[in-house]
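Student: What would the 3D arrangement of this be:
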Amino acid sequence: MAALGFCSGLPWALSGPTLRLWMASDHVALGLIGLTANIGLAYLLKFVWAGWFDDVRPPLLGRRRGWLIVVQAGLAVCILAEALCDPARQVGLILAVGALVAFCSASQDIIIDAWRIESFAPELQGAALACEVWGWRVAYLVSNAGVIALSVHTGWHVAVGAMAGLMLLGPLVVLAAAEPQVVRPAERMSFAQMVVEPLREFLARRGALVILAFVLLFRLGGALGAPMLAPFYLALGFDRAAIAVANGPVSLVCGLLGTALGAVLVVRLGVARALLATALLQAGALCLYPVLGLFPHAPHILLLISAVEAFTDAFSDTGFLSYLSGLCAPAYTATQYALFSSAAPLALHTVAGASGFLAARVGFEAFFVTAALAAAPGILLLLVILRRYPPAARRREKTS
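Tutor: So this is what the prediction gives:
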């Protein structure tokens, strides 16, 4: 699972933060850089074609391994195509190729999640998921800080192209894995059975629209600010080497610690109080970026803020994903979790596309203050939910 998690995490930064820094380094306009947030829509819509991987069986290696080999080969080709692009002259092309990377990456995530669920007993799912997350974070370090650091010596084309070669390790992992032995019904499920019924069940619950609004808005502040981090760092005078160090091993360790502490907090305080604590901490972390603007050319301040960001992101994810898990009805667990986890980053891949235009208009410091304030609606909705529709009540409804 750690190896499959590595395969899952490797392409993510190549259509997100690493791509944005490459474009910013080549002096692409802020508005166009902000549009990179929209190319990740595949991660939101993956539930639409997820049924394809259940219904259609490849001719070789089984349903899960056969599709993984195909998708991973496609990922390697798309990453190589991205490496051959020139952001300064081919902005439209690199955005299109980045969207293909995101589509193949989202498809890979679908199959890996299915493989995990089908391969491990229920009591081992938590351990399997934890190993996957650790592998993902190591891969994110490689394709983000690693590519940035390598680009200082080799240039962006070689650094990104190296990730295409590294992606070829994926098929080796798949060949070493076992195909899950699952008995499937002979007839295919209809679209209504796969998507509409689970959604209808959720919307029939008390407070469903308020809860859905919270899921959509919880990450609005972070989603709005994320696309502008790379241009902001460069505008403050930090070079690629300093940015690579800031996103390097220290941030990785802080992210792993945030995941572990968040899990402990959920156990000790319960999902409700843990979620409120993580929401407030996440909003506070957004306020650090205007502070960074007061310390240009100070790599130690950049390292500190990046470490805090990595910790709070991981810390927040644990509480939030635990809450989403508790929303799922037993009859529709897999589908409802896919729907919730697709809805959660909606802001990142829609309204965040306008972040570059907003930053260009008001300036970076005012922009990040706005991003911090954008976290307020999610916190207010959370307070309403904790008062009127607490997570414990959700669990009782599912068992009644």
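Student: Check which helices and strands the helix ranked longest in the chain sits against.
Tutor: The single longest helix within the chain, with elements called by DSSP state H, is helix 249-286. Secondary-structure packing of helix 249-286 (3 or more Cβ pairs under 8 Å, 6 or more residues apart in numbering; DSSP states H and E): helix 125-141, helix 220-225, helix 299-327, helix 364-373, helix 376-388, helix 391-399. (C-beta placed from N, C-alpha, C; glycine too.)
Student: Phe367 - nearest residue in space that isn't next to it in sequence?
Tutor: The shortest distance from Phe367 to any non-neighbouring residue, by Cβ to Cβ, 6 or more residues apart in numbering, is to Ala359 (4.2 Å).
Student: Now do the contacts for the one you found.
Tutor: Residues near Ala359 by Cβ atoms under 8 Å, 6 or more residues apart in numbering: Leu30, Gly34, Met228, Pro231, Phe232, Phe367.
Student: Out of the helices and strands packed on helix 249-286, flag the one nearest Ala81.
Tutor: Proximity to Ala81 (Cβ to Cβ) singles out helix 125-141 among the helices and strands packed on helix 249-286, at 19.8 Å.
Student: list the helices and strands that closest one packs on?
Tutor: When contacts are defined as 3+ Cβ pairs under 8 Å, 6+ apart, helix 125-141 packs onto helix 2-9, helix 91-119, helix 249-286.
Student: can you do 6 Å?
Tutor: Contacting helix 125-141 under the criterion 3 or more Cβ pairs under 6 Å, 6 or more residues apart in numbering; DSSP states H and E are the following elements: helix 2-9, helix 249-286.
Student: Ok, which of these comes nearest Ala162?
Tutor: Closest among the helices and strands packed on helix 125-141, using Cβ to Cβ: helix 2-9, at 14.8 Å.
Student: Let me know the next secondary structure element after the closest one.
Tutor: Under the assignment DSSP states H and E, the closest C-terminal helix or strand after helix 2-9 is helix 17-25.
Student: And the next helix or strand past that following helix?
Tutor: Elements were assigned by DSSP H and E; along the chain past helix 17-25, the next helix or strand is helix 30-34.
Student: follow-up on the earlier one: tell me which residues of the helix or strand harbouring the residue nearest to Phe367 come out buried.
Tutor: Under the criterion of DSSP H and E, Ala359 resides in helix 355-362. Using 16 or more other Cβ atoms under 10 Å as the test for burial, helix 355-362 gives Ser355, Gly356, Leu358, Ala359, Ala360.
Student: Now tabulate these in TSV and tack on distance to Gly135 and pLDDT.
Tutor: Below are the buried residues of helix 355-362 laid out as TSV (distance: Cβ to Cβ, whole Å; pLDDT from 0 to 100):
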residue	distance to Gly135	pLDDT
Ser355	30	76
Gly356	32	77
Leu358	35	81
Ala359	33	81
Ala360	37	81
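Student: Among those residues, which one lies nearest to Gly326?
Tutor: Looking across the buried residues of helix 355-362 and measuring by Cβ to Cβ, the closest to Gly326 is Ser355, at 31.0 Å.
Student: My read is that the closest one contacts Pro227, right?
Tutor: Yes: the criterion here is Cβ atoms under 6 Å, and Ser355 meets it with Pro227 at 4.7 Å.
Student: Give the residues shared as contacts by the two.
Tutor: Common neighbours of Ser355 and Pro227 (criterion: Cβ atoms under 6 Å, 6 or more residues apart in numbering): Gly34.
Student: Which of the residues in stretch 61-80 are classified as buried?
Tutor: Within stretch 61-80, the residues that count as buried by 16+ other Cβ under 10 Å are 61-72, 74-76, 78-80.
Student: Also stretch 17-33?
Tutor: 17-25, 28, 30-33.
Student: if we can go back for a sec, of the helices and strands packed on helix 249-286, which stretch is the most buried?
Tutor: Highest mean neighbour count of the helices and strands packed on helix 249-286: helix 220-225, a mean of 25 (counted as mean count of other Cβ atoms under 10 Å).
Student: ok, the residue nearest to Phe367 to Phe368 distance?
Tutor: Using Cβ to Cβ, to the nearest Å, we find Ala359 at a distance of 9 Å from Phe368.
Student: Glu132 too?
Tutor: Glu132 is 32 Å from Phe368, by Cβ to Cβ.
Student: and what of Asp317?
Tutor: Relative to Phe368, and taking Cβ to Cβ, Asp317 is found at 21 Å.
Student: Provide the contact partners of stretch 208-218 at residue level.
Tutor: Phe202, Ala343, Ala344, Leu346, Pro377, Gly378, Leu381, Leu382, Ile385.
Student: Just the CA trace of it, in CSV.
Tutor: Extracted as CSV, the C-alpha positions of stretch 208-218 are listed here (Å, rounded to 0.1, in the frame of the first residue of the first chain):
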residue,chain,number,x,y,z
ALA,A,208,-28.4,17.7,4.7
LEU,A,209,-28.2,21.0,2.8
VAL,A,210,-26.4,22.7,5.7
ILE,A,211,-23.9,19.8,5.9
LEU,A,212,-23.4,19.8,2.2
ALA,A,213,-22.7,23.6,2.2
PHE,A,214,-20.1,23.0,5.0
VAL,A,215,-18.4,20.3,3.0
LEU,A,216,-18.2,22.6,0.0
LEU,A,217,-16.9,25.7,2.0
PHE,A,218,-14.7,24.1,4.6
